[in-house]
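In: Build me a model:
(chains A and B)
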Amino acid sequence: MSARRLGHGGEIDRGKTLDFRFDGRSFTGFAGDTVASALLAGGAQILGRSFKYHRPRGLLGSGFEEPNALLDLRDGERHDPNARITREMLAAGMELHSVHALGKASFDALGFLDRLSRFIPAAFYYKTFMWPRWWLFENAIRRMAGIGKLDPDARAHAESTIHLRADLCVIGAGPAGIAAARAAQARGLSVVMADERSRPGGSLLWRETSITGEPGAAWAAQSVQALRAGGATVLQDTSAIGLYDHNTVVLVQREAGRERLLQVRAGEIVLATGAIERPLLFAHNDRPGVMLADAVLEYLRRYAVCAGERVVVATASDPAWETAFALQAAGARCVLVDARTDPPMAAAARERGIELRTGARVAQALGAPVVTGARLDTGERIPCDLIAVGGGWTPLINLWCHARGRPRWNAELGCYLPGDALPGLRVAGSANGAVSLAQALSQGAEAGGAQGLETPACSEFSSGPGGAPDLSQTGGGRVWVDLQHDVTVKDLELAIRENFRVVEHLKRYTTLGMANDQGRTSNVNGLAVLADRTARSIAEVGITTFRPPYVPVSMAALAGHERGELQHPLRRLPAENAHRAEGAHFRDYGNLLRPAWYGPEEGALERECRAARESVAVLDASSLGKIEVIGPDAGALLDFVFYHRLSTLAPGRLRYTLALSESGAVWDDGVVMRLAPEHFVVSCSSGHVAAMTAHLQEWREDHFDLSRVFVHDCTSQWATMAISGPRSREVLASIIPGAVLDDADFPHMSLQTGVFHDRPARVARVSFTGERSYEVSVPASLAGALWQAARSGGAAPLGVEALGVLRAEKGFLFIGQDTDSETQPQDLGMDGPRRNRKDAYVGDRSLFLPEGTRAGRRQLVGIAADGAMIPPGAHAVASSAAGRRSIGFITSSYDSAALGRPVALALIEDGLSRMGEVLEFEHLGARHRGAVTAICFLDPAGERLHV
Amino acid sequence: MQVFPCPFCGERPDAEFRYGGDARKARPARDCSDAEWAQYMHFRANTRGESLELWLHAAGCGRWIEIRRDTASHVVIATEPMNR
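Out: Residues are numbered from 1 along each chain as shown, chains lettered A, B, ... in the order given. Predicted coordinates for the structure are as follows:
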């Protein structure tokens, strides 16, 4: 193929040259070129190697149907491992490399695989590389598989997704799409139109047409200008990747190598996605130099690239004749091979010096590695450097199928078309089987809801249906159906002999149409082979399912800006700066950034624990829930939602309780305080605030009069510092002047209010460490001041890690760590409400199912290790004649400085009745021993609360 | 990518809502049989066609709503507050 650039014409700007490189060679293109057109003009004929046999491959098409021309592209910071160069606008300095070749495309060290092809049949990998020997081949196969190689260091730009609304969303700005948009705008509708090319017009850009007396491309440009002036949004370089529920269209827009998603919610959708040409089936039809006739015409008219000098145009219908006429006019010598015996434009072709072979077909592409001739079924050999094939048309109804539309085979036109209509969705133009410009324009106008609007006068060079696939030349040699996945007619025949006759099975077994071109050029040809070889019609064979995305879309575009902390936002404490100033080491606790410890890590746990046990320490507990439940029915709602009755709580008092799920499992724990008869505050776990609010809200709405109880999450409005230790009372006195300090007036589990910096403060006497403790809450804006006040009062900083040790010494549990989804309250030794409550509460009935009452339930106990600490996760192992089995596991385990020995909590089968029993533990091969004890290791009588 | 008309907030994308189960299910009384409770807890009608569902407008008003919708066509037939 000796392609050349014409001296005039096309959309390119010859005044602006762009230098780039491909496989180490320098090329020059023009502004307005795609990478593909520039490479074609520069004579790069072999662009890559095929997936399986490493056959040389060149350009087949000009758009997303292109199966071969995927290249590794580097452009500054950008790296695309398999860029679709037919839709990639050329930029200066681009570095391109062929993919899937060992070396470069023109010389591939794996080219020998093609000579082994008869040993690599369909499903070769399925049949050969199976267990137990797969590992022998795995590395080599994995190295050869895939298209392109990701660069882990490359950076992809993130673009935010844009959300649009429109009365009408039109996909495709060809004649039908423009007609639809114009009609809709004339009706006063808002319109979004997306088109995957760099400028509007679709086939009008390269087909010889006239609309209202103007060239089609000019009409398209003017129409779009008018649409924009009328308020329409017209997006170029934008493909629809999927249609989703409720008329949602997702678009991907490409701009200078970046991709952005747009989500359009449309009242109605018009699909004017056009049709693509199908290749012809003949031997060696995958050789570089075999191209789609329509693509050859697009390269000629839009980019002024004449793809060949001696050209065979093979077809059985009129549209491909325009390619022959245009190439001949550009100086090439054309031979038209038409399967019809009496084509209508024969005389005009002869007049222009085009040779004709009617009633003939191409049987084989000659030459290697590139085309040097064509052998016809008549036996004649025609020397040529380009075979332009027009094998009929495949309407692009993929998006229509995304909306669960069922396609229907149209035997007359030889293609699948949309079947029964779908609400809110119309298909117009060649996607809907229009075979002429006039038909496309009128279908488009109708889809846009035109009323009384006249279809503009138009004419075109040639038109007409393309017909069904012609299988007459599939008998001999290797005939390619799917170029990207290297599936030949013989592969399909083999699969059919192996009884893969259902179209979906055949597709998966042979991988036909499963490459990233999604079988645009191979699908219908494959169906035709399956139908023919199983003596069925294509309609009987059916069609495989189309799924999003319609075109490949980068993960970067899907992610948009939702990466890192924007994807998973961390919640932060209001006093974070104060903690940082203290040298806090932060960790992410359930999406919440909290101080793990302060100062040097060495000795931090012991230092902080000692302060709390011996003196006084302050912990930032601001993230604990503060959900207000207010109203005359507040007590009743809390009674229903929690395991303990709370309506009996006296105002000014606190109660520890559990929340169960309906399955009876312990779901959360917390302290509920009653500020006033009709005012409660639920202090649930930090990680459960949103879920607990929704849970309370659900039962409120389900069971209660909404005017009698309200639920309001105030967690972020209040900052809370927990001051804990024998000296905590002194610190409280220094923070809240006038606070009640006397234990008789302010006992454990009670509450008082005060003033801090002229703002209201709440002080709850509640302890998660076992020491005398005060939780002081103030408006969140005073968080830093409250922290400073506690520190100035003498409290040492206490992080979350040390708190974990302090609470374990006391046997206070962390829900989800010391319990699992099967743990019920009786397994924690909290059987009271279960036995005594007769009123309804969430989870009640499940506690009395056989599962809740059976013996052998795992119960929470303490484990006193015999020696060193037993690691969390270690299993307790019981040995019997039947063998060894796990009877439970360690849930929490720490070295306790206060006790001078390790403490651990464990869920053990029937643990509460095993007190004193010594259990064997095993973890990662190491054995441990420990005795079952009560869960509270330190101060079981609770005397330290009153020290 | 459905759109649910929240009775309090108007049309909102489904990503703002959280599914909350079958709205036709009533919580049995405490003295129900084990089988009845198991039916309530674990069995789903999984209707194809019209269904009545509870959804929480989690990223909106925070209210629970009932949505009558077709699980096959995804057409939303009606929405109402759960508590009326």
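
In: Burial check on A:P737, number of neighbours?
Out: Per other CB atoms under 10 Å in any protein chain shown, the neighbour tally for A:P737 reads 9. To be clear about C-beta, it is placed using only N, CA and C from the backbone, and glycine gets the same treatment.

In: try A:P779
Out: 16.

In: partner residues bridging it?
Out: Taking DSSP bridges as the rule, A:P779 bridges to A:W718.

In: Ok, A:G242 next?
Out: So, taking DSSP bridges as the rule, A:G242 has A:V250 as bridge partners.

In: count of neighbours near it?
Out: Residues near A:G242, counting by other CB under 10 Å, number 21.

In: what residues are up against A:G429?
Out: Residues near A:G429 by CB atoms under 8 Å, 6 or more residues apart in numbering or on different chains: A:G172, A:G174, A:P175, A:A176, A:G177, A:A272, A:T273, A:G274, A:A440, A:Q443, A:G444.

In: The third one - how many residues pack around it?
Out: The reference is to A:P175. Look at A:P175: counted by other CB under 10 Å, it has 35 neighbours.

In: What sits closest to it if chain neighbours are left out?
Out: A:A440 (4.7 Å; CB to CB, 6 or more residues apart in numbering or on different chains).

In: Check whether the helix or strand of chain B with the lowest mean pLDDT comes near chain A.
Out: Taking mean pLDDT, DSSP states H and E as the measure, the helix or strand of chain B with the lowest value is strand B:18-22, at a mean of 92. Yes. Using CB under 8 Å from any CB of the partner chain, we find that strand B:18-22 touches chain A at B:R18, B:G20.

In: What residues sit buried inside that strand?
Out: B:G20, B:D22 (16 or more other CB atoms under 10 Å in any protein chain shown).

In: Can you work out which other helices and strands pack against it?
Out: Applying 3 or more CB pairs under 8 Å, 6 or more residues apart in numbering or on different chains; DSSP states H and E, we find strand B:18-22 packed against strand B:50-56.

In: Report the inter-axis angle for the helix or strand following the strand it packs on versus strand B:18-22.
Out: Sequence-wise, the next helix or strand downstream of strand B:50-56 (DSSP states H and E) is strand B:64-70. Relative orientation of strand B:64-70 and strand B:18-22, computed by axes from the mean of the first three to the mean of the last three CA atoms, to 10 degrees: 70 degrees.

In: so the most far-flung residue of chain A relative to its centre, which of the three states?
Out: The C-alpha centroid of chain A is most remote from A:A744, which lies 60.4 Å away (CA atoms, centre = their mean). Three-state assignment for A:A744 (DSSP: H, G, I helix; E, B strand; the rest coil): coil.

In: Tell me how far the residue of chain B most remote from its centre lies from chain A.
Out: Ranked by distance from the centre of chain B (CA atoms, centre = their mean), the top residue is B:D31, with 25.8 Å. Distance, B:D31 to chain A, by CB to the nearest CB, to the nearest Å: 9 Å.

In: give the contact list for the closest residue to A:G856 other than its chain neighbours.
Out: Counting by CB to CB, 6+ apart, A:E909 is the residue found nearest to A:G856 once chain neighbours are left out, at 5.1 Å. Shown in contact with A:E909 (CB under 8 Å, 6+ apart): A:G856, A:R857, A:R858, A:Q859, A:I887, A:G888.

In: One more pass at 7 Å, please.
Out: Applying CB atoms under 7 Å, 6 or more residues apart in numbering or on different chains, we find A:E909 in contact with A:G856, A:R858, A:I887, A:G888.

In: who wins for neighbours among those?
Out: In terms of neighbour count, A:G888 stands highest of the contacts of A:E909 at 25 neighbours, by other CB under 10 Å.

In: hang on, it in a strand?
Out: Yes. With three-state DSSP as the criterion, A:G888 is located in a strand.

In: ok, it to B:G10 distance?
Out: According to CB to CB, to the nearest Å, A:G888 and B:G10 sit 52 Å apart.

In: list the contacts for the residue of the stretch 751-900 of chain A found nearest chain B?
Out: Here the stretch 751-900 of chain A gets closest to chain B at one residue, A:R845, 4.8 Å apart by CB to the nearest CB. Applying CB under 7 Å, 6+ apart to A:R845 gives the contacts B:R30, B:C32, B:W37.
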